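K.L.:
what would the 3D arrangement of this be:
(one chain, ligands or ions: 2)
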Amino acid sequence: MRNIYPNIIKFNSNNLIKIIKILKKDGIIGLPTETVYGLGGNAYSSSAIKKIYKVKKRIKNNPLIIHYYSFNDAKKDVILDRNFYKIYKKFSPGPITYIVKKKRNSKINSLACSNLKTVGIRFPKNIIIRKLLKKINFPLAMPSANKSSSVSSVKAEDVFEEFQNKVKVVDGGISKIGIESTVLNLVGSICILRPGKITPKQIESILKIKIKIPSRQNTIRSPGSLKKHYSPGIPIYINKKRCPKKHAFLTFGKKYPVTRNCFNLSKKSNLNEAAKNLYKFFRSIKNKGYKKIYVAKIPNEGIGIALNDRLKRASS
Ligand code: TXA
Ligand code: MG
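P.N.:
Ligands and ions are numbered 1, 2, ... in the order given. Down below sits the predicted model:
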């Protein structure tokens, strides 16, 4: 049988050598993480960073997250304070990105940080990306592996759908969490710029201070969070009790009908399951040709805060 995904490659020791070769030559590649798939390139290489922006069609003032194996590697490029270490100890490697100050002699390409004095750094937990990060002597700049304004990828085939033959993708199965990392700003007043699996409550319990999620108008610090984002490209209406048959209905819990146009994020009312299904359902609803999506109310707690954030942005 003909391989319909010639660019999707397995992760094995032979391919690991190939992947490293691509990255060392300033190439870019789709890679799995526990949140969503990323489009990775050498964070120290201007040529790799330019390719990432170009392939994603991303605006230059939206900085990339830099991925490291551990804080030991990161501290060459950025300034890490006590608050950072407290949270790192508890949640990294894992689904959280820290906005920290860039060192003056940092090797991170300035375009990757949109010329800001701060950098978003993350230590992903996925075993494949960790094995890779351990083997290379540079960090990976890695935005989500989707075209700007599209939906993040949660499996290798999604990355192929986004970029076709433009990049290779390492197959790591379905992303465990399914929604992008929490972005925590640690410079100036501490706040969450993008909610995710790690919640404000969890951070509050460690830092013993109130953690706010500033409203979108104020989040100039995270330019990517301003514009319409995370959208499947069709109108979305949130907090709906019912939905016309011709439109797709994204539901949550067991009180909703089981009709052809209903896509239940979690029959068990499990928010983690719902997060894992959100982008998967966005993609399949769009591919099925629906023109509108209605969404039922989703509890605004735990990872539900992140779900509602993405839904709100997709609907704006
Ligand atoms: O889970 C994730 O974080 C995934 C995986 C691949 O790691 N990556 C991801 O990257 O979601 P991206 O580029 O799609 O989103 C990065 C977000 C953007 O909203 C960007 O504005 C923000 O992080 N960001 C990056 N650097 C920043 C900085 N220095 N200051 C404020 N926001 C920053
Ligand atoms: Mg993204």
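K.L.:
chain center to the helix or strand containing residue 121: distance?
P.N.:
Using DSSP states H and E, the element containing residue 121 is strand 118-122. A distance of 14 Å separates the C-alpha centroid of strand 118-122 from that of its chain, computed with Cα atoms, centre = their mean, to the nearest Å.
K.L.:
tell me if that strand is near ligand 1.
P.N.:
Yes - contact of strand 118-122 with ligand 1 (Cβ under 6 Å from any ligand atom) involves 118-120, 122. The way it works is simple: take the backbone N, C-alpha and C, and place the C-beta from them, glycine included.
K.L.:
in the protein, where's the longest helix?
P.N.:
helix 271-287 (DSSP state H).
K.L.:
and it, what other elements does it pack with?
P.N.:
helix 156-163, strand 248-251, strand 262-264, helix 304-315 (3 or more Cβ pairs under 8 Å, 6 or more residues apart in numbering; DSSP states H and E).
K.L.:
residue 199 is in contact with residue 302, correct?
P.N.:
Yes - contact between residue 302 and residue 199 holds when scored by Cβ atoms under 8 Å: they sit 5.8 Å apart.
K.L.:
more crowded one of the two?
P.N.:
Neighbours were counted for residue 302 and for residue 199 using other Cβ atoms under 10 Å; residue 199 has more, 20 against 15.
K.L.:
contacting residues for that one?
P.N.:
By Cβ atoms under 8 Å, 6 or more residues apart in numbering, the residues touching residue 199 are 182, 302-303, 305.
K.L.:
one step back: is any part of the helix or strand following the strand holding residue 121 close to ligand 1?
P.N.:
Next helix or strand after strand 118-122 toward the C-terminus (DSSP H and E): helix 127-135. No - Helix 127-135 lies apart from ligand 1 when judged by Cβ under 6 Å from any ligand atom; the minimum separation is 8.5 Å.
K.L.:
under the pLDDT cut-off, which ranges of this structure? List them.
P.N.:
1-2, 216-228 (pLDDT under 70).
K.L.:
could you list the domains of it?
P.N.:
Domains of the chain are assigned by automatic domain parsing as 8-207, 236-314.
K.L.:
ends of the longest one, how far apart?
P.N.:
In other words, domain 8-207. Domain 8-207 has an end-to-end distance of 42 Å (criterion: Cα to Cα, to the nearest Å).
K.L.:
off-centre distance for that domain?
P.N.:
8 Å.
K.L.:
can you list the residues of the protein near ligand 1?
P.N.:
Residues of the chain lying close to ligand 1 (Cβ under 6 Å from any ligand atom) are 33, 35-36, 38, 62-65, 97, 99, 113, 116, 118-120, 122, 124, 142-144, 180-181, 183, 193-194, 221-225.
K.L.:
in the protein, which residue is most central in space?
P.N.:
A centroid search over the chain (Cα atoms, centre = their mean) returns residue 180, at 3.0 Å, as the residue closest to the centre.
K.L.:
quick one, phi psi at it?
P.N.:
Phi and psi for residue 180, reported as degrees, to the nearest 10, are phi -60, psi 160.
K.L.:
settle this for me: it is touching residue 194, isn't it.
P.N.:
Yes - using Cβ under 8 Å, residue 180 is in contact with residue 194, at 6.7 Å.
K.L.:
joint contacts of the two?
P.N.:
residue 306.
K.L.:
from memory residue 155 sits against residue 176, does it?
P.N.:
No - Residue 155 is beyond contact range of residue 176, at 11.4 Å (criterion: Cβ under 8 Å).
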